[in-house]
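Asks: quick one: sequence and predicted model below, then my questions.
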Amino acid sequence: MTSGNTTMTRDTILKVEHLSMRFGGLMAINDLSLEARRGEITALIGPNGAGKTTVFNCITGFYKPTMGMITMNRRNGEQHLLERLSDFEITKKAKVARTFQNIRLFSGLTVLENLLVAQHNKLMKASGYTVMGLLGIGSYKREAEGSIELARQWLEKADLIDRADDPAGDLPYGAQRRLEIARAMCTGPELLCLDEPAAGLNPKESLALNTLLNSIRDETGTSILLIEHDMSVVMEISDHVVVLEYGQKISDGTPDHVKNDPKVIAAYLGVDDDELEEVMHEELDGGSL
């Protein structure tokens, strides 16, 4: 489904307007508006329970928001209202892909096979949903060769080409994270949503992750929206940061702007309004959150 009713700038890929999500008596997200720009890495941060994953679930179709509009602006000019699409349609039509807090690889398949599974839909289409796929003839053969080449390209970018034939479950934790991102990229997304990709990584693995994400942004032009608790990752790679607290936006801007915002400092340190001014002076003197 497409719509031309929402005004978006050419550089805006995702626009969230007045998003609210209620679970019974709990208002998890309250009148949230934000934008992600094309070709940038936008980080969504905030203390535990701020509503970050709920926002992701609304964007990617796992939840239907109580109120609000979520518009995806594709390169070809199509505008998709994500709140009206199923999660499958959001991936296929709107070209939005995501990863989860908990790694969801096919651990018994090889590393390469995990990336081929991500391309299942186009392979089935090329087969004409007939025995051509089983016989490996016609357009299916060409598409299969292209899928293997694409998978190998992403294994190279993720520094996993040497493990292509190993079971995915045998990879170290950080390598599994990179494989999950590479698998998402094999679907050809225009917006990649990453839910805590640096969780549990050691410094070396975090550096490899940063390298991969910068490569995705700089070499493919894919926009990235990520939830992340690791502030070193956020401040290192993000172009734009949005901060949530109790389901509401409290700051929005560049990493430097956000880390020096007294409301953000207070939210992370858990102080009340009476202490805010004192905390602001202390933290600004220290130069970090």
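Replies: Thanks, I have it.

Asks: which residue ranges of the stretch 101-250 of the chain form strands?
Replies: Listed in chain order, the strands of the stretch 101-250 of the chain (DSSP state E, counting those that start in this stretch) span residues 191-195, 223-227, 240-245, 248-253.

Asks: adding distance to residue 266, mean pLDDT and mean neighbour count, write those strands out as JSON lines.
Replies: Every residue, glycine included, has its C-beta placed from N, CA and C. Listed next are those as JSON lines, based on distance: least, C-beta to C-beta, whole Å; pLDDT from 0 to 100; neighbours: other C-beta atoms under 10 Å:
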{"stretch": "strand 191-195", "distance to residue 266": "25", "mean pLDDT": "97", "mean neighbour count": "24"}
{"stretch": "strand 223-227", "distance to residue 266": "21", "mean pLDDT": "97", "mean neighbour count": "24"}
{"stretch": "strand 240-245", "distance to residue 266": "9", "mean pLDDT": "96", "mean neighbour count": "23"}
{"stretch": "strand 248-253", "distance to residue 266": "9", "mean pLDDT": "96", "mean neighbour count": "18"}
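
Asks: CSV for the ones you listed, including distance to residue 214?
Replies: Listed next are the strands of the stretch 101-250 of the chain as CSV, based on distance: least, C-beta to C-beta, whole Å:
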stretch, distance to residue 214
strand 191-195, 13
strand 223-227, 10
strand 240-245, 15
strand 248-253, 20
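
Asks: out of these, nearest to residue 177?
Replies: With distances scored as C-beta to C-beta, the stretch of those nearest to residue 177 is strand 191-195 (9.3 Å).

Asks: helices and strands around the closest one, which ones?
Replies: Applying 3 or more C-beta pairs under 8 Å, 6 or more residues apart in numbering; DSSP states H and E, one finds that strand 191-195 contacts helix 52-59, strand 96-98, helix 173-185, strand 223-227.

Asks: ok, the second one: who's next to it in the sheet?
Replies: What that stands for is strand 96-98. The pairing partners recorded for strand 96-98 under DSSP bridges are strand 191-195 (parallel).

Asks: check the last one too.
Replies: When pairs are called by DSSP bridges, strand 223-227 turns out to pair with strand 41-45 (parallel), strand 191-195 (parallel).

Asks: so which of these gets nearest residue 182?
Replies: Across those, residue 182 has its closest neighbour in strand 191-195 (10.9 Å, C-beta to C-beta).

Asks: which residues touch residue 61?
Replies: Residue 61 sits next to 82, 85, 86, 87, 88, 89, 90 when contact means C-beta atoms under 8 Å, 6 or more residues apart in numbering.

Asks: now it, what's its secondary structure?
Replies: When states are read from DSSP: H, G, I helix; E, B strand; the rest coil, the local structure at residue 61 comes out as coil.

Asks: so what pLDDT did it get?
Replies: At residue 61, the predicted lDDT confidence score is 96.

Asks: could you find the closest non-adjacent residue to it?
Replies: In space, and not counting its chain neighbours, residue 61 is closest to residue 87: 3.4 Å by C-beta to C-beta, 6 or more residues apart in numbering.

Asks: number of residues surrounding that neighbour?
Replies: Burial of residue 87 is recorded as 15 neighbouring residues (other C-beta atoms under 10 Å).

Asks: is it true that it touches residue 59?
Replies: No. Look at residue 87 against residue 59 with C-beta atoms under 8 Å: they stay out of range, at 10.2 Å.

Asks: hmm, back to that, quick check: the farthest pair among the contacts of residue 61?
Replies: Spatial extent of the contacts of residue 61 (C-beta to C-beta) is set by the pair 82 and 88 at 12.3 Å.
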